[in-house]
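J.: below: sequence and its predicted model.
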Amino acid sequence: MRKTTKKVYVRNVPIGGNSPIAIQSMTNISVTNVAATMEQLENCRLNGCDIMRIAVPNKESVSALATVRKQTDIPIVADIHFDYRLALAAIEAGADKIRINPGNMSLSQLDSVIDCAKEHSVPIRVGVNSGSINKEALIAAKGNKSEALCSSLKSYVGYFERRGFYDLVLSVKSTDVRETVEINRMISDFGYPLHLGVTEAGLLRQGLVKNSIGIGALLLDGIGDTIRVSLTSDPVDEVRAAKDILISLGLRNGVRFVSCPKCGRCTIELEAVAQMVYDYVKNIDKNIKIAVMGCEVNGPGECRDADLGIAGANGNYVFFKHGERYKTVAASDAIEQFKKEIDLLTNAD
Ligand code: SF4
């Protein structure tokens with residue numbers, strides 16, 4: 001059962017309430033390179049990203065952000081550290097949400113940011129992380145890091161609420177998977193939408209594993225409203241990974257893609273075929289299951305619940321639906337014909 005949270009809007013994308021879980025990523029280049037930034041934003045959007053974050057470390061970045069804002073409709077979050085004036089300027093430049101760590105600002109500076117965000121109806125993501133933990137909170141929590149982060153966040157939320165600001169998205173991030181899960185469980189009753197992710201998770205493979213475990217465990221608990229899979233990689237990899245997590249858990253429409261691990265019975269170039277089929281279906285937003293199997297001996301049976309499947313068969317390919325073979329196709333023609341079958345299936349309604 002999904003936890004109930006307040007709904008906030010980042011431009012036209014809702015986060016929280018019963019809204020679909022939004023996918024986020026972040027550009028990994030300077031926004032002052034506007035053309036390259038636009039390319040990353042567009043690639044991420046085409047692959048299913050709902051919201052993009054952009055680092056705004058200086059005044060030049062604010063000007064570039066304003067230019068980028070005019071060239072795309074994708075909701076943009078301005079990522080601000082330390083300098084509250086950049087937060088104000090980013091909001092004025094058209095950011096749809098800002099991400100700050102209130103611990104990096106004086107209270108009067110924070111007040112200015114809150115007032116400006118309120119005036120422009122811009123939500124604020126309040127992010128604290130294990131790297132910037134408050135020493136007093138840590139002492140008060142007797143060294144328990146999770147409790148210290150939770151109480152820091154609680155006191156920030158109270159401060160925003162006392163100023164009449166409620167358009168909050170909360171995040172507490174850690175590089176440790178267990179800690180990420182533990183803290184997010186602790187803050188899941190605050191009533192505000194949660195941004196999930198294991199931060200600084202590493203290169204593609206390690207990052208995928210850590211984020212899948214951390215984000216997946218929380219989503220299965222009904223916790224989380226927006227996710228970012230943090231990877232040392234292309235932002236598109238983050239988006240695709242986030243999408244796969246959501247599709248795997250039935251939380252987003254999309255093709256559930258299945259391929260077998262391959263064994264000595266396989267007579268086809270399974271990896272190549274699976275990759276071709278996956279590339280063809282990866283951006284289809286229908287709830288279907290497509291299988292690519294190495295052989296006809298076990299393939300169809302092992303994928304009884306696949307809407308459509310293809311399996312190697314002594315140099316040819318068999319096509320199957322829901323575990324039943326229905327035709328055999330010569331290898332030279334199989335992939336093209338299979339794509340047509342996918343088209344028929346996805347255009348069926
Ligand atoms: S489908 Fe065939 S090739 Fe693939 S793992 Fe099963 S038995 Fe082996």
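T.: Noted; the coordinates are in hand.
J.: could you use CA atoms for every contact and neighbour count after this?
T.: Noted.
J.: helices along the stretch 101-250 of the chain, start to end?
T.: Taking DSSP state H, counting those that start in this stretch as the criterion, the stretch 101-250 of the chain carries its helices at 107-119, 135-140, 145-162, 177-187, 204-220, 235-248.
J.: mind listing what's buried in the helix or strand bottoming out on mean pLDDT in the chain?
T.: Ranked by mean pLDDT, DSSP states H and E, the weakest helix or strand in the chain is helix 299-302, scoring a mean of 76. Neighbour counts over helix 299-302 (16 or more other Cα atoms under 10 Å) mark 299-300 as buried.
J.: what mean pLDDT does stretch 150-170 have?
T.: What stretch 150-170 shows for mean pLDDT is 95.
J.: show residues contacting that stretch.
T.: 8, 102, 114, 118, 122-128, 134, 137, 172, 183, 186-187, 190, 192-195 (Cα atoms under 8 Å, 6 or more residues apart in numbering).
J.: which among those residues count as buried?
T.: 8, 102, 114, 118, 122-128, 134, 137, 172, 183, 187, 192-195.
J.: so which of those residues sit within strands?
T.: 8, 124-128, 172, 195 (DSSP state E).
J.: need these in CSV (columns: distance to L65).
T.: Listed next are those as CSV, based on distance: Cα to Cα, whole Å:
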residue, distance to L65
V8, 22
I124, 17
R125, 18
V126, 21
G127, 21
V128, 24
V172, 26
H195, 23
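J.: dump these to CSV, plus distance to the ligand.
T.: Converted to CSV, these look like this (distance: Cα to the nearest ligand atom, whole Å):
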residue, distance to the ligand
V8, 46
I124, 48
R125, 45
V126, 47
G127, 44
V128, 45
V172, 41
H195, 38
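J.: among those residues, which one lies nearest to L270?
T.: Lowest distance from L270 to these (Cα to Cα) belongs to H195, with 37.3 Å.
J.: per-residue pLDDT of the residue of the stretch 1-150 of the chain found nearest the ligand, please?
T.: The minimum distance from the stretch 1-150 of the chain to the ligand, using Cα to the nearest ligand atom, falls at N47 (28.8 Å). Looking at N47, its pLDDT is 94.
J.: which residues touch it?
T.: 236, 239-240, 283.
J.: 10 Å - rerun?
T.: 236-240, 243, 282-283 (Cα atoms under 10 Å, 6 or more residues apart in numbering).
J.: same check on D221?
T.: 1-3, 185, 188, 215.
J.: ok, D83 next?
T.: Counting by Cα under 10 Å, 6+ apart, D83 has contacts 56-58, 100, 104-105, 109.
J.: name the member of those residues with the most neighbours.
T.: With neighbours defined as other Cα atoms under 10 Å, the most crowded of these is V56; it has 26 neighbours.
J.: returning to what we had before: hmm, the next helix or strand after the least confident helix or strand of the chain in reach of the ligand?
T.: Proceeding N to C from helix 299-302, the next assigned helix or strand is strand 308-313, under DSSP states H and E. No - using Cα under 6 Å from any ligand atom, strand 308-313 never reaches the ligand; the gap is at least 7.4 Å.
J.: avg pLDDT for strand 308-313?
T.: The average of the pLDDT scores along strand 308-313 is 94.
J.: with stretch 213-230 instead?
T.: 97.
J.: so how many other residues sit close to R162?
T.: Count around R162 with other Cα under 10 Å applied: 10.
J.: nope, L204 is what I was after
T.: L204 has 16 nearby residues by other Cα under 10 Å.
J.: doesn't V236 make contact with it?
T.: No - using Cα atoms under 10 Å, L204 is not in contact with V236, being 11.4 Å away.
J.: how many other residues sit next to the closest residue to the ligand within the stretch 51-200 of the chain?
T.: Residue nearest to the ligand within the stretch 51-200 of the chain (Cα to the nearest ligand atom): V177, separated by 31.4 Å. When neighbours are counted by other Cα under 10 Å, V177 registers 21.
J.: any figure for the gap between the nearest residue to it once chain neighbours are set aside and the ligand?
T.: Excluding the flanking residues, the one nearest V177 by Cα to Cα, 6 or more residues apart in numbering is G214, at 5.3 Å. Distance of G214 to the ligand, given as Cα to the nearest ligand atom, to the nearest Å: 29 Å.
J.: and G214, what does it touch?
T.: Counted by Cα under 10 Å, 6+ apart, G214 has contacts 176-182, 184, 196-198, 208, 229.
J.: hmm, back to that, so the residue of the stretch 51-200 of the chain closest to the ligand touches Q206, yeah?
T.: No - V177 is not in contact with Q206 according to Cα under 10 Å; the separation is 11.4 Å.
J.: pull up the overlap in contacts between these two.
T.: S212.
J.: for the closest residue to L88 other than its chain neighbours, list the residues it contacts.
T.: If the residues on either side of it in the chain are set aside, L88 comes closest to V113, at 6.0 Å by Cα to Cα, 6+ apart. Counting by Cα under 10 Å, 6+ apart, V113 makes contact with 84-89, 91, 98, 100, 102, 105, 107, 119, 124.
J.: return a ChimeraX selection command for the buried portion of those.
T.: In ChimeraX, the members of these classed as buried (16+ other Cα under 10 Å) are selected with the following command:
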select :84,85,86,87,88,89,91,98,100,102,105,124
